[in-house]
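Participant: Turn this into a structure:
(one chain, ligands or ions: 2)
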Amino acid sequence: MFIITFLLKTIEKRIMKFDSVSLSCPICNEKLEKENKTLHCSNGHSFDLAKEGYVNLLLSNQKKSKNPGDNKLMSASRREFLNSGAYFPLVERIAQLINEKYKDNVSPLAVVDAGCGEGYYMDSINKLVKNTTNFIGFDMSRDAIKLAAKKYKEIDFFVASINNVPLLSSSTDCIISIFSPINEKEFARILNDNGILITVTPNKQHLSGLANIIYDKAKEHDSKIGNLEGENFDLEKNDILTFTLNLDNNTDIMNLFRMTPYYYSSSKEKSEKVNELTTLETTIDFEINIFRKK
Ligand SMILES: C[S@@+](CC[C@H](N)C(=O)[O-])C[C@H]1O[C@@H](n2cnc3c(N)ncnc32)[C@H](O)[C@@H]1O
Ligand SMILES: [Zn+2]
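Facilitator: Residues are numbered from 1 along each chain as shown. Ligands and ions are numbered 1, 2, ... in the order given. Here you go, the predicted structure:
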């Protein structure tokens, strides 16, 4: 009985894939409709769902390299590290912000994670948000989206760039961007009139414990407050989330190291130093901003 229920649920989720998402054709911008396992527009362009359940909407002329975005190692390290629960306080804070913001909202929300990586945040925020919500995630990295779609069946994932987001104009209530690049114009276009953009960026002391091992004179991160204020957005709320993270094994430390740009910018000598660590105490310092579309 359990197996039958499980199979039915899995099939149902597969059938539901992309049913309530306002996707647009990356070639001609017309609405994409789903028919079986294919998305197609009225001009005859079509895009097949991959076996993992995601769809690739990144055109080859929108790529600067064969495999743009985070590579397999970065995505897999991020998955392992995030699944340890180390950044769960950030999940709780974002869910709390969404719950506060939409407490009186009765219609379903469309929330998009732009540059969602391997999907951890979408899935864990989804579990804490009270509103009926349609969560969608996209990223330029096919490796990351494959990992995301394989594990998190309740979320719709697609491969796309923030510079050409294949979503209809005014189709989105809330965009979340966690440590990912931002395209203000595109984000403003897909947001509806009351839409908000939640950004998470490193605040001054973020990962200072790791940076102090890697650099002789580690620089503080610049605050991003107000960076997006101007033509498209007003700042609605600025929030800081700071805590101390104690890692007590080399696996977690290496996963953290590999998911940061430090892994690629460190000297061989400093990398070896991190490689030998069995404990690490570091400050985690997130800046969370909510921007309202103008
Ligand atoms: C630092 S990671 C953060 C991933 C995820 N938000 C998280 O915190 O786990 C940045 C992500 O942005 C993606 N990315 C980089 N450039 C992009 C672009 N132009 N369009 C969409 N995603 C992009 C990368 O592939 C990567 O997954
Ligand atoms: Zn088309």
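Participant: Which parts of the stretch 1-150 of the chain are strands?
Facilitator: Listed in chain order, the strands found in the stretch 1-150 of the chain under DSSP state E, counting those that start in this stretch are 33-35, 38-40, 46-48, 55-56, 109-114, 133-139.
Participant: residue of the stretch 101-250 of the chain with the smallest distance to ligand 2?
Facilitator: Among residues of the stretch 101-250 of the chain, the one nearest ligand 2 by C-beta to the ion turns out to be residue 166. It sits 9.9 Å away. (C-beta placed from N, C-alpha, C; glycine too.)
Participant: Quick one: residues contacting that residue.
Facilitator: Shown in contact with residue 166 (C-beta atoms under 8 Å, 6 or more residues apart in numbering): 23-26, 32, 57, 158, 160.
Participant: go with 10 Å
Facilitator: Going by C-beta atoms under 10 Å, 6 or more residues apart in numbering, residue 166 touches 21-27, 29, 32, 39, 47, 55, 57-59, 138, 158-160, 190.
Participant: cool, and residue 95?
Facilitator: If you count contacts by C-beta under 10 Å, 6+ apart, then residue 95 has 121, 124-130 around it.
Participant: May I see these organised as CSV, with neighbour count and distance to residue 241 added?
Facilitator: Below are the contacts of residue 95 laid out as CSV (neighbours: other C-beta atoms under 10 Å; distance: C-beta to C-beta, whole Å):
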residue, neighbour count, distance to residue 241
121, 23, 14
124, 20, 15
125, 24, 14
126, 19, 20
127, 10, 19
128, 13, 15
129, 19, 18
130, 11, 20
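Participant: quick one: which of those residues is nearest to ligand 1?
Facilitator: residue 121 (6.0 Å; C-beta to the nearest ligand atom).
Participant: can you tell me how far the closest residue to that closest one other than its chain neighbours sits from residue 94?
Facilitator: The shortest distance from residue 121 to any residue that is not its chain neighbour, by C-beta to C-beta, 6 or more residues apart in numbering, is 5.7 Å, and that residue is residue 178. As defined by C-beta to C-beta, to the nearest Å, residue 178 lies at a distance of 8 Å from residue 94.
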